[in-house]
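Colleague: Predicted model and sequence follow; I will ask about them next.
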Amino acid sequence: MTQKQTLSFQAEVAQLLHLVTHSLYSNKEIFLRELVSNASDACDKLRFEALDDSALYEDQPELAVRVAFDKQAGTLTITDNGIGLSRQEAIDNLGTIAKSGTRDFVSRLSDAQKSSASEQGQLIGQFGVGFYSGFIVADRISVESRRAGLPPEAGVRWVSGGSGDFEVDDITRAERGTAITLHLREDASEYLSTWRLKDIIGKYSDHIALPIRMRKEEWKEGENEQPGEMVTTDEWETVNQASALWTRAKKDITPEQYADFYKAISHDHEAPLSWAHNKVEGSTEYTQLLFIPQRAPFDLWNRDKKAGVKLYVKRVFIMDDAEALMPVYLRFVKGVIDSADLPLNVSRELLQESRDVRAIREGSTKRVLSMLEDLAKHEKDEAASEEDKAKYGKFYAEFGAVLKEGLGEDFANRERIAKLLRFASTTSDTASLSLADYKARMKEGQEAIYYITAETLAAAKNSPQLEVFRKKGIEVLLMADRVDEWALGHLPEFDGTSLQSVAKGAVDLGTLQDDAEKKAAEEAAEAFKPVLAKLKEALKDRAEDVRVTARLVDSPACLVVQDGGMSLQLSRMLKQAGQKAPETKPVLEVNPDHALVKKLDGSVHFHDLAHILFDQAVLAEGGLPEDPAAYVKRVNALLV
Ligand code: ADP
């Protein structure tokens, strides 16, 4: 005896369905991910219940999902042989929303009268609405199911058009499990294609550990001059990889398999430089499989570039480029994070707020840093192979400049990041010196780690600012990455020693300058005072101050900025990039021992000489005089 019943949806379901059917969808295809994921869950549940009662398998222990379509009827059917639904379960589970998270989400969405239909649509698209997402593409859904262990006569058919109510009926169903048939809307006929469906399954469900099968297609030659066509056969083939690599034990995975997986997710053709695969247990449980590529992508410098980490929840793909999982300065890392705790329907918005996500992000950041520390350790390890020794240098050449951003972005790990940095210096041309190396080489009495930033390493190396350091035999770190000045600004000290830009503030060599030198400098400054006053007057529109310096040996003058100010180079760079830079006037420092400077006093060309001195200091810095023509004119006037 069949018992047909028409029932109303719970209010929230009706609301949700209304939203689903009346909003625009940017990402319709996710319905398949949701239904396949439900099918996979149903199989997991059967497997779990069968642990106590193996009879539930009904002599059919192989679990699988089948996806099939009927072009003529316009239907798409997703079938599983999982736990199935009893009549009451169909009424309860497909007529109400059980999960409080989804309920809250729906009422929040419906409350938000202010948001437009398309905004709501986008939100739902990202959120995922489980079973009901079928109504994105279908105007009628029929579910036929039988719960494992119940007799064939205990089958149920559930049918709904996705508005106020649904119908349930008893049926006889020999097969255990559930078949969900979507009667596709006219504008959803694209899903009646093997190619399209395979593509979606590959994208979202490749790593579902269960086989997903579709009917094999074959090319049939046309007869009697008719064109040939693809025809579906009765044979089923598995269309997903059916294995989530990261869920397997490390010892069972070869380096080649890791490399293949990396290539598949990153679209890189080279193997990764390094990887880390771990199952993290504790208050937040997740698996991380993270890769460092060998080469930087062309758009590495775009800070808006999405992170390369995919988020899975219990082996179900949730989203690409989950930026909440990695800090921006590690945007070159690729991989997979598979969480056991997050809800399947988590959105980007919710990710930002989740405490679990914060824990995952912290854990993954630390993991990447320790991966890098391991690579760096090999650099100086005698026992390491040449290949391993070279790895960190290779990494640094590609990604070092990005890593530096971490000094400003990741306060908690600043010390660890600082240890990973490498620099060129006045005595070492390659960027291979760590701050610890530098410290170990500091001269007795040297109180700071000195560095200079410039547009190129050559410009840095030849800067007049370095003259006194060279004379005293003090090593100075050379920096020419765009981020250097900004990044180093966030590192006031390393391991108890302060970092100091040689182009900022007055130079203080501390105890490296002996008393006689200090005295001589003071006397020179005193004697030079009247000339300084005249220079200040002549250059008052261009220089903040003019003072005597101890930093120059061979050059007549140089420009410095006040302590804490922005370097001329950085402000030039910002202007070039069309950004606003503060208009700071530099300080002109002159070398009273230089012939040109000595000549100033009493010269009839004082005004021109003052400007030439200033412009030359700009040139020596790698800049251009404000008025190049005027500069040339002045120099020529003196030459003739
Ligand atoms: P959930 O996020 O709980 O999966 P859904 O709306 O997708 O939410 O599904 C609601 C419920 O319907 C599920 O929790 C499950 O009990 C049941 N269900 C959905 N699909 C199937 C299926 N293929 N087999 C068995 N039960 C299913």
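Modeller: In hand now; what should we look at?

Colleague: drop to CA atoms for contacts and neighbour counts, all remaining ones
Modeller: OK.

Colleague: give the contact list for Thr96.
Modeller: Taking Cα atoms under 8 Å, 6 or more residues apart in numbering, we find Thr96 in contact with Phe9, Gln10, Glu12, Val13.

Colleague: Before we go further, it is sitting in a strand, right?
Modeller: No - Thr96 is assigned coil when assessed by DSSP: H, G, I helix; E, B strand; the rest coil, not a strand.

Colleague: right, and the pair among the contacts of Thr96 with maximum separation?
Modeller: The distance between the two most remote of the contacts of Thr96 (Cα to Cα) is 7.9 Å, for Phe9 and Glu12.

Colleague: The two: which has the busier surroundings?
Modeller: More crowded of Phe9 and Glu12, by other Cα atoms under 10 Å: Phe9, with 22 against 18.

Colleague: ok, the residue of the chain found nearest the ligand to Ile97 distance?
Modeller: Nearest residue of the chain to the ligand: Gly130, at 3.2 Å (Cα to the nearest ligand atom). Between Gly130 and Ile97 the computed distance is 10 Å (Cα to Cα, to the nearest Å).

Colleague: Surely Ile612 is in contact with Val635?
Modeller: Yes - the pair Ile612 / Val635 is scored as a contact, 7.1 Å apart, by Cα atoms under 8 Å.

Colleague: Burial check on the closest residue to Thr284 other than its chain neighbours, number of neighbours?
Modeller: In space, and not counting its chain neighbours, Thr284 is closest to Asp356: 6.0 Å by Cα to Cα, 6 or more residues apart in numbering. If you count neighbours by other Cα under 10 Å, Asp356 ends up with 18.

Colleague: Asp356: which element?
Modeller: Counting by DSSP states H and E, the element that carries Asp356 is helix 355-379.

Colleague: In the helix or strand that comes right after that helix, which residues are buried?
Modeller: Next along the chain after helix 355-379, taking DSSP H and E as the criterion, comes helix 386-409. Of the residues in helix 386-409, 388-393, 395-396, 398-407, 409 count as buried by neighbour count, 16 or more other Cα atoms under 10 Å.

Colleague: got it, and stretch 330-348?
Modeller: Those would be 330-340, 342, 344-348, for stretch 330-348 by 16+ other Cα under 10 Å.

Colleague: Checking that stretch against the ligand, do any of its residues make contact.
Modeller: No - with Cα under 6 Å from any ligand atom as the criterion, the ligand is not reached by stretch 330-348; the gap is at least 6.9 Å.

Colleague: now the end-to-end length of that stretch.
Modeller: Stretch 330-348: ends 19 Å apart by Cα to Cα.

Colleague: same deal with stretch 481-494?
Modeller: Start-to-end, stretch 481-494 (Cα to Cα) is 19 Å.

Colleague: How far away from the center of its chain is that stretch?
Modeller: Offset of stretch 481-494 from its chain centre (Cα atoms, centre = their mean, to the nearest Å): 21 Å.

Colleague: What of stretch 581-596?
Modeller: That offset, for stretch 581-596, works out to 42 Å (Cα atoms, centre = their mean).

Colleague: Do me a favour and get the end-to-end distance for it?
Modeller: Stretch 581-596 end-to-end distance (Cα to Cα) = 33 Å.

Colleague: Kindly report the same for stretch 48-61.
Modeller: From start residue to end residue, stretch 48-61 stretches across 12 Å - Cα to Cα.

Colleague: And the ligand, is that stretch touching that?
Modeller: No - judged by Cα under 6 Å from any ligand atom, stretch 48-61 makes no contact with the ligand; its nearest approach is 13.1 Å.

Colleague: If we go by neighbour counts, what in that stretch is buried?
Modeller: Under 16+ other Cα under 10 Å, the buried positions of stretch 48-61 are Glu49, Ala50, Leu56, Tyr57.

Colleague: Kindly report the same for stretch 168-188.
Modeller: 168-173, 175-184.

Colleague: No more questions from me, cheers.
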